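Visitor: I would like the atomic coordinates for the input below:
(one chain, ligands or ions: 1)
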Amino acid sequence: MNIATPPDNPARILDLEWGFAKSAALMAAIEVGVFDQVAKGTGTVEDVAEHCGISLRGATSVLQAMAALGLMAQENGHYCLSADAAQYLVSGLPGYLGDMHRIFSGINAQLWPQLPKALRSGAPVMDLFTSDDASHWDAVFPFLEAVCAPMAKAVAGYVAGLPISAPRFLDVGSGAGFYSCAVAASAPTAHITCVDQQDMRKKLLTSLETTQNEGRLTLRLGDIFTQDWGQDHNVVLFSHLLHGFAPDDCARLIAKAEKALAPGGTLIIHEFVTDPADPETTPIPALFGLEMLMTSHGDAYPAAFYDHMLTASGFSATRTLEGPRGATKILLADRLSTSTTGDE
Ligand SMILES: C[S@@+](CC[C@H](N)C(=O)[O-])C[C@H]1O[C@@H](n2cnc3c(N)ncnc32)[C@H](O)[C@@H]1O
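Guide: Just a heads-up that it's a prediction; the model follows:
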């Protein structure tokens with residue numbers, strides 16, 4: 001075992017202990033509009049205090065803290081944004097990630113203090129994943145859309161690149177339809193089927209209405225376990241779906257995907273994937289696993305879990321779709337059997 005940090009140096013432990021304060025300070029700075037104001041104003045404490053409606057003392061502290069976190073620099077009393085803050089934390093720009101503060105205050109601040117309870121019981125403490133309270137998803141979707149855009153583009157590129165004139169794409173647990181929208185844009189001849197529960201209807205219709213008039217979109221609203229998915233799809237997508245389910249239910253969904261695919265068709269799994277052999281390379285997936293402990297019967301599973309389950313269900317070994325660097329991975333596996341077994 002190689003643990004390089006000297007045991008007499010607590011800096012790393014203390015830094016972890018202060019992790020919550022980094023998040024909380026960033027979320028507060030976003031919420032009161034500090035990044036927007038530094039981007040468009042003079043970058044002085046007075047300017048930020050006046051336009052964000054906060055105290056001079058508060059503006060001084062928050063600007064210092066954001067500079068200490070590397071999100072701003074200061075020269076002669078004028079703050080400016082770091083390159084990544086300028087790209088991702090200024091509202092209105094494509095890729096804006098500032099809606100993360102809604103998840104922080106709306107969900108994380110209630111959820112994470114309950115982790116000890118979930119650790120003791122091994123059971124969820126909040127029914128977030130399958131909740132039919134659409135307000136959870138209203139808070140999550142703007143942030144997810146921004147985070148997922150590069151991955152959605154990679155999935156859409158894969159579908160558009162298939163040597164099939166009108167590929168059939170099935171998006172299971174499609175949520176707001178970000179991936180289907182990206183496929184609709186990149187593959188204008190694709191036929192798209194979305195399956196999700198009833199409360200997603202409005203979001204799906206809103207997101208995908210541009211494709212409806214061409215008869216390219218089928219919405220199947222209901223429980224993904226009982227809903228008919230149709231057949232002969234060339235690509236089935238499970239994006240951020242399987243992490244919400246226990247292994248038995250993952251196996252049921254993978255078996256159902258195998259039946260819904262045309263022979264040679266591809267199942268794409270987009271997920272937080274842990275690496276138990278090299279855990280420090282996947283900290284966000286491992287933390288996401290704790291979130292799943294608190295909210296579902298699922299987990300952030302390792303690649304070997306998917307590989308084993310897919311090969312046992314009639315798929316090829318998994319391969320990775322090279323996409324943008326991030327905390328998630330896109331795994332692909334092809335349906336091997338040549339017989340069409342029909343839908344469930
Ligand atoms: C984490 S979201 C992922 C949404 C989308 N695939 C994405 O990556 O942005 C999971 C989705 O699965 C849907 N879902 C979960 N369990 C379901 C069930 N039993 N039946 C229908 N939909 C379900 C939820 O409604 C939600 O839209």
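Visitor: what segments of the stretch 151-300 of the chain are strands?
Guide: Using DSSP state E, counting those that start in this stretch, the strands of the stretch 151-300 of the chain run over 168-172, 191-196, 217-221, 233-239, 261-272.
Visitor: the ones you listed: lowest mean pLDDT?
Guide: Ranked by mean pLDDT, these end with strand 217-221 at the bottom, a mean of 88.
Visitor: so what touches the strand or helix carrying residue 308?
Guide: Residue 308 belongs to helix 303-312 when assigned by DSSP states H and E. Helix 303-312 is contacted by residues 242, 247, 250-251, 254, 267, 269, 271, 273, 275, 316-318, 329, 331, 333 when judged by C-beta atoms under 8 Å, 6 or more residues apart in numbering. (Each C-beta comes from the backbone N, C-alpha and C, glycine too.)
Visitor: from residue 286, how far off is residue 280?
Guide: For residue 280, the distance to residue 286 (C-beta to C-beta, to the nearest Å) stands at 9 Å.
Visitor: who has more neighbours, those two?
Guide: Between residue 280 and residue 286, counting by other C-beta atoms under 10 Å, residue 286 is the more crowded of the two (16 against 7).
Visitor: now for that one: which residues touch it?
Guide: Residues in contact with residue 286, defined by C-beta under 8 Å, 6+ apart, are 274, 279, 300.
Visitor: quick check, nearest of the residues you listed to residue 34?
Guide: Nearest to residue 34 among the contacts of residue 286: residue 300, at 31.9 Å, using C-beta to C-beta.
Visitor: give me phi/psi at the closest one?
Guide: phi -90, psi 100 (degrees, to the nearest 10).
Visitor: OK, contacts around it?
Guide: So residue 300 contacts 243, 271, 272, 273, 274, 285, 286, 288, 289, 292 (C-beta under 8 Å, 6+ apart).
Visitor: closest to residue 12 out of the contacts of helix 303-312?
Guide: Looking at these and their distance to residue 12, the nearest is residue 275, at 20.2 Å (C-beta to C-beta).
Visitor: pLDDT score for the closest one?
Guide: Per the predicted model, pLDDT is 95 at residue 275.
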